[in-house]
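> Sequence plus predicted model, see below.
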Amino acid sequence: MRTVGGWRLAIVAAAMSLSAQKIETPKIPVKDSYHGITVIDEYRWLEDGHDPKVLAWSRAQNRMARAYLEKLPARAALREQLTTILTKTSVSYSQLAGRSGRWFAMKRDPAKQQPVLVMMKSVDEPRGEEVIVDPNSLDSQTLVSIDWFRPSPDGKLVAVSLSRAGSEAGDLHVFEADTGKEVGQAIERVNGGTAGGDAAWTPDGGGLFYTRYPRRGERPDADLDFYQRVFYHKLGTRASEDRYELGNDAPKIAEFRLECDETGRVLASMQNGDSGDFLHFLRDRNGRWRQMSRYTDRLVDVRLGPGNSLYAISRKNAARGKIVALPGERVLVPESDGVLTSDSWGSTGLLIAGDRIYVVVQLGGPEEIRAFDRAGKRVTGPAVGTVASVGGMARGAKGEILFATESYLRPAEWRRFIPAAGKTERTSLVVKPAVDLNDCEVAREFAVSQDGTKVPLNVIYRKGTKRDGKNPAWVTGYGGYGLSESPMFLPTLRVLLERGFVIGIANLRGGGEYGETWHEQGKLTHKQNVFDDFAAVLRHVVERGYTTPARLAIQGGSNGGLLMGAILTQHPELCRTVVSSVGIYDMLRSEQSPNGAFNVVEFGTVKEREQFEALYAYSPYHHVKEGEKYPIVLFMTGQNDARVDPMHSRKMTARLQAVGAKVLLRTDEEAGHGGGKPLRARIEDLSDAYAFVVANVVP
């Protein structure tokens, strides 16, 4: 027995039996009333992660988790395999950006804990690259990471957001590209886990526009993660002298993205929380801002074109999207069979290069790039490949573009499209993995949801696998925010495939695979459709003979963690094992956290009766029952998570343990939502998750 801050934490641990492990968590009932309905919350006290009692409870859970996980029979072998896969894979490059004949990219080097920012003179000869920022050298614990970077137009300077321990609380630093030397002082509070952050250089590289959250003293402490605004910084001056530009009239949950062209025009796209609803503002060459759209215009992605031109993806009366020219919204490319993707970060979606318009098109999971001339006529475009996805596009010289592509069985590579020749060719930026999946195949199947909707499912398995119901299986999904589950090469799944696993990746409603209608059918009061879809997928893999519920594991994170919580409480009979990371479980309290307020547009609010009723109807935390036989569960979270408060995982763990469920909670005190983790932490995460799955579903 141990006493901490007045609480007694009784811990009984056994090496292998979760049923013999228990932490007695005090119940302190708190009553809330929502639209005349009384809801009792027994674990409200676990919400305050700074409370010493809560920290002691969390660490006790960690000790119990480690006592179990470290002694799993397969963990040592899995960890060795995963270490080999992740450290013997070749270097890889992402976020490619070209400026004045120079190429900038994030380089993941398996010899380093964190990716580094590099500059290359050629994508065909990357070995001569120069490291601009190596975050591994900035912190002895290698917990500093790069959130994003923006090169100046002449390629001589780079603005970089740096944060620590997965917090996403980034400060903006400017570095010389040739020397890696920092220029001037850092600008604080530019990036965050709620609204993100961005920066855009002026044409001469003498200054930049950037986003910033309030500094302490500018607003109450409770508002410091809200009210993002746009400022201008002139190099060589103090950040305290920076000029306010835009945002004082913006919503509390505004999220700004910035772009500046070679003539000095600045485009600011402002999203209302995570809603997918945008306003767009244009700053002319004389410094005057004007609002150029309304929410009802449904312009979800706007790009600056040559001269005074502007192009946009519009969803007004076009759920799959159309391309329009601005002003006037003249339709260039009407809505068609594919979904025009939009990404306010600019890594995919719409790209204007040379005399062509390029757009990434979503086709129910797989993607392709389509090309059009400025009049909207379709022309020859890049060859992406079959059942693949596009990881980014970048402008090259002479109207050429570079794009990243990968598939379930083919690792990522950057390709060049030469429009004059209509030819696509590989660059030297190709990942050479430590494993290959050539002995595997992918089946595209469809489950039928409760309301008759056909739900795509991608099944990966080794050739020759029999559908006799004897295979262990690992199935995942997401279904939210209009984000699509596109094909990805996931080399670490090799350790499961070698152990006979069948892998399932679902394209659920709530995503963007079939356009905004598909998204809307899985949000707000329609969120239950997502859970019904995933339940149908799990039944499908059993009915098709891939596996049985006793050999089925499911895994998801964030919004996918909510999915895991909903399935284990609504359909505990469908699987044996659940691994849920950084998930949302208490849907009645979610909006109380800063990022929860940004998510209201996706999930709804308890302040409106109809939305409250929908939230309460599926909220996993409120549907844990006495006497129910639940799957064995591993919850994983990060103490510094700015996107999903780790209180969700703590409360859900306590609630399930109270009814006798076999549950572990693993909290990383040096991590956030998942980004920015050093390689060693990623290996430990995967080792724990896969060992947990293997121990509980492999016969």
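Okay, I see it.

> Contacts only, for Arg551.
If you count contacts by C-beta atoms under 8 Å, 6 or more residues apart in numbering, Arg551 has them with Lys470, Asn471, Pro472, Ala473, Arg576, Val697, Val698, Pro699. C-beta coordinates here come from the backbone N, C-alpha and C atoms, glycine included.

> Can you tell me which of the residues you listed end up in helices?
When the contacts of Arg551 are checked against helices using DSSP state H, the ones located there are Val697.

> Can you name the two of the contacts of Arg551 that sit furthest apart?
Between any two of the contacts of Arg551, the greatest separation by C-beta to C-beta is 13.9 Å, found for Lys470 and Arg576.

> Is it correct that Asp297 is in contact with Ser314?
Yes: applying C-beta atoms under 8 Å as the test, Asp297 and Ser314 come out as touching, 7.0 Å apart.

> Those two: which is more packed in?
Each of Asp297 and Ser314 had its neighbours counted (other C-beta atoms under 10 Å), and the higher figure belongs to Ser314 (23 against 19).

> so that one makes contact with Val300?
Yes: the pair Ser314 and Val300 qualifies as a contact (C-beta under 8 Å) at a distance of 7.3 Å.

> Check the contact lists of those two and give me the overlap.
In contact with both Ser314 and Val300: Gly321, using C-beta under 8 Å, 6+ apart.

> which ones are touching Val123?
Going by C-beta under 8 Å, 6+ apart, Val123 touches Leu96, Trp103, Leu402, Trp414, Arg416, Thr427, Ser428, Leu429.

> Can you show me the strands along the stretch 101-250 of the chain?
For the stretch 101-250 of the chain, the strands identified by DSSP state E, counting those that start in this stretch occupy 102-108, 116-120, 130-133, 144-151, 157-164, 170-176, 182-191, 199-201, 207-212, 229-234, 243-246, in order along the chain.

> who does the last one pair up with?
Spelled out, that is strand 243-246. strand 229-234 (antiparallel) (DSSP bridges).

> list the buried ones in the partner strand?
Residues of strand 229-234 classed as buried by neighbour count (16 or more other C-beta atoms under 10 Å): Arg229, Val230, Phe231, Tyr232, His233.

> Residues in a beta bridge with Cys440, which ones?
Applying DSSP bridges, one finds that Cys440 bridges with Arg462.

> cool, and Tyr34?
Beta-bridge partners for Tyr34, by DSSP bridges, are Ile37.

> you'd agree Thr405 is in a strand?
Yes: looking at Thr405 with DSSP: H, G, I helix; E, B strand; the rest coil, it is inside a strand.

> Next step: the contacts of Arg551 restricted to strands.
Taking DSSP state E as the definition of strands, the contacts of Arg551 contribute Ala473.

> Filter the contacts of Arg551 down to the buried ones.
Neighbour counting by 16+ other C-beta under 10 Å classes Asn471, Pro472, Ala473, Arg576, Val697, Val698 among the contacts of Arg551 as buried.

> isn't the fourth one right up against Val542?
No: under the contact definition of C-beta under 8 Å, Arg576 does not touch Val542, with a separation of 11.7 Å.

> which residues do those two both contact?
Looking at what touches both Arg576 and Val542 (by C-beta under 8 Å, 6+ apart), the common residues are Pro549, Leu552.

> still on that earlier bit, whichever of the contacts of Val123 end up buried, select them in ChimeraX.
The command below creates a ChimeraX selection of those among these that count as buried (16+ other C-beta under 10 Å):
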select :96,103,402,414,416,427,429
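
> Adding distance to Gly391 and secondary structure as columns, could you present the contacts of Val123 in a markdown table?
Formatted as a markdown table, the entries for the contacts of Val123 read as follows, by distance: C-beta to C-beta, whole Å; DSSP: H, G, I helix; E, B strand; the rest coil:
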| residue | distance to Gly391 | secondary structure |
| --- | --- | --- |
| Leu96 | 9 | strand |
| Trp103 | 16 | strand |
| Leu402 | 11 | strand |
| Trp414 | 9 | strand |
| Arg416 | 15 | strand |
| Thr427 | 13 | strand |
| Ser428 | 17 | strand |
| Leu429 | 11 | strand |
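
> Count the neighbours of the spatially closest residue to Pro419 that is not a sequence neighbour for me.
Across the structure, with C-beta to C-beta, 6 or more residues apart in numbering as the measure, the residue nearest Pro419 apart from its sequence neighbours is Gly399 (5.3 Å). Residues contacting Gly399 under the criterion other C-beta under 10 Å number 14.

> Show me this protein divided up by domain.
Described in terms of automatic domain parsing, the domain architecture of the chain consists of the residue ranges 2-84+439-697, 91-334.

> Figure out which of those domains is closest to Leu351.
Using C-beta to C-beta as the measure, domain 91-334 is the one of the domains of the chain that comes nearest Leu351, at 7.3 Å.

> start to end distance for that closest one?
The first residue of domain 91-334 is 40 Å away from its last residue (C-alpha to C-alpha, to the nearest Å).

> And for stretch 98-114?
From the first residue to the last, stretch 98-114 extends over 22 Å; the measure is C-alpha to C-alpha.

> is it true that His519 touches His526?
No: when contacts are counted by C-beta under 8 Å, His519 is not listed as touching His526 (9.8 Å).

> what do those two both touch?
With C-beta under 8 Å, 6+ apart, His519 and His526 have common neighbours Arg509.

> Neighbour count: those two, which is higher?
With neighbours defined as other C-beta under 10 Å, His519 and His526 compare such that His519 has more, 25 against 15.

> wait, doesn't the residue nearest to Pro419 sit right on Ala420?
Yes: counting by C-beta under 8 Å, Gly399 touches Ala420, with 7.4 Å between them.

> for Val448, what are its contacts?
When contacts are counted by C-beta under 8 Å, 6+ apart, Val448 touches Lys454, Val455, Ala536, His540.

> can you do 7 Å?
Applying C-beta atoms under 7 Å, 6 or more residues apart in numbering, we find Val448 in contact with Lys454, Ala536.

> On the strand side of things, show who it bridges to.
Listed beta-bridge partners, Val448: Lys454 (assigned using DSSP bridges).

> Before we move on, what's the pLDDT of it?
You'll see Val448 listed with a pLDDT of 98.

> Kindly report the same for the one 4 residues further on.
What the model reports as pLDDT for Gly452 is 98.

> List the buried residues of stretch 183-195.
When burial is assessed from 16+ other C-beta under 10 Å, stretch 183-195 yields the following buried residues: Ile187, Arg189, Val190, Asn191, Gly192, Gly193, Thr194, Ala195.

> same question, stretch 283-294
For stretch 283-294, by 16+ other C-beta under 10 Å, it's Arg283, Met292, Ser293.

> Phe148 touches Ser163, doesn't it?
Wrong residue type there; residue 148 is Trp, not Phe. No: with contacts counted by C-beta atoms under 7 Å, Trp148 stays clear of Ser163, the gap being 10.2 Å.

> Average pLDDT for stretch 482-498, rounded please.
Confidence for stretch 482-498, expressed as mean pLDDT, is 96.

> What of stretch 297-307?
On average, the pLDDT along stretch 297-307 is 93.

> Okay, buried residues for that stretch please.
Taking 16+ other C-beta under 10 Å as the basis for neighbour counts, the residues of stretch 297-307 that come out buried are Asp297, Arg298, Leu299, Val300, Asp301, Val302, Arg303, Leu304.

> Repeat that for stretch 614-626.
With burial defined by 16+ other C-beta under 10 Å, the residues of stretch 614-626 counted as buried are Ala614, Leu615, Tyr616, Tyr618, Ser619, Pro620, Tyr621, His622, His623, Val624.

> with those residues in mind, which one is nearest to Ala111?
Each of the buried residues of stretch 614-626 was checked against Ala111 using C-beta to C-beta; the closest is Pro620, at 40.7 Å.

> Tell me how far the closest one lies from Ser590.
For Pro620, the distance to Ser590 equals 11 Å [C-beta to C-beta, to the nearest Å].

> Ok, Thr179 next?
As defined by C-beta to C-beta, Thr179 lies at a distance of 46 Å from Ser590.
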